[in-house]
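*Asks:* everything below, folded, please.
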Amino acid sequence: QVQLVESGGGLAQPGGSLRLSCAASGFTLGMWAMSWARQAPGQGLEWVSGIYSDSTKIDYADSVKGRFTISRDNVQNTLYLQMNNLQPEDTALYYCLKGVFSCEGPVCDDFERGQGTQVTVSS
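*Replies:* Numbering: from 1, shown residues only. Predicted coordinates:
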C-alpha cells in the first residue's frame, strides 16, 4: 500500500527557513519521479518543484526558483524540500506527489499524495 507522509511544516517568519520531508513506503521511491505541490486556502493545487528518479533533472516554479531546493534520498525513501527566504505568499498546505515531474492545474490532482504539511509564513 502506497503511503506518503509529509512533515516539517510549521510557522516561520518572513525570511525564515523550513525543511519539509516526505517519507515514502509501499513502493520503491528510486523508481519514480516526484514533485512537491502546494494548496493555499481557496485555491487549487500549485506545482512547486519536481525531481527525476535519479535526481538528474530538477525544476522549480518561477515563484520559488532560487529560494527552494528539492532533493531526495532513495536509500532512505525520503523526498525533501528546503525552503529559504520564506514569504507570506508561500503559506499553504504542502504535498509530495508520486510519479510526476511536473504538472499544471487540475492535472496535479490525479497523482497520489499524502495528507500534507501546513506551512504558515507570518510575522
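
*Asks:* show me which residues of stretch 102-114 are buried.
*Replies:* By 16 or more other Cβ atoms under 10 Å, the buried positions in stretch 102-114 come out as 102, 103, 108, 111, 112, 113, 114. Every residue, glycine included, has its C-beta placed from N, CA and C.

*Asks:* and of those, the nearest to residue 17?
*Replies:* Distances from residue 17 to those, taken as Cβ to Cβ, are shortest for residue 114 (21.5 Å).

*Asks:* show me what contacts the closest one?
*Replies:* Under the criterion of Cβ atoms under 8 Å, 6 or more residues apart in numbering, the neighbours of residue 114 are 3, 4, 5, 6, 22, 95, 96.

*Asks:* report pLDDT for it.
*Replies:* If you check residue 114, the pLDDT there is 95.

*Asks:* check residue 105 too.
*Replies:* 85.

*Asks:* pull the contacting residues for it.
*Replies:* Applying Cβ under 8 Å, 6+ apart, the residues near residue 105 are 44, 45.

*Asks:* try it again with 7 Å
*Replies:* Shown in contact with residue 105 (Cβ atoms under 7 Å, 6 or more residues apart in numbering): residue 44.

*Asks:* and residue 57, how far is that from residue 93?
*Replies:* 26 Å (Cβ to Cβ, to the nearest Å).

*Asks:* the two: which is more packed in?
*Replies:* Legend: neighbour count by other Cβ atoms under 10 Å for residue 57 and residue 93, higher for residue 93 (18 against 12).

*Asks:* show me the beta-bridge partners of the more buried one.
*Replies:* residue 39, residue 118 (DSSP bridges).

*Asks:* and it, what does it touch?
*Replies:* Here residue 93 is in contact with 38, 39, 116, 118 (criterion: Cβ under 7 Å, 6+ apart).

*Asks:* pull out the buried members of these.
*Replies:* The neighbour-count criterion (16+ other Cβ under 10 Å) marks 38, 39, 116 among the contacts of residue 93 as buried.
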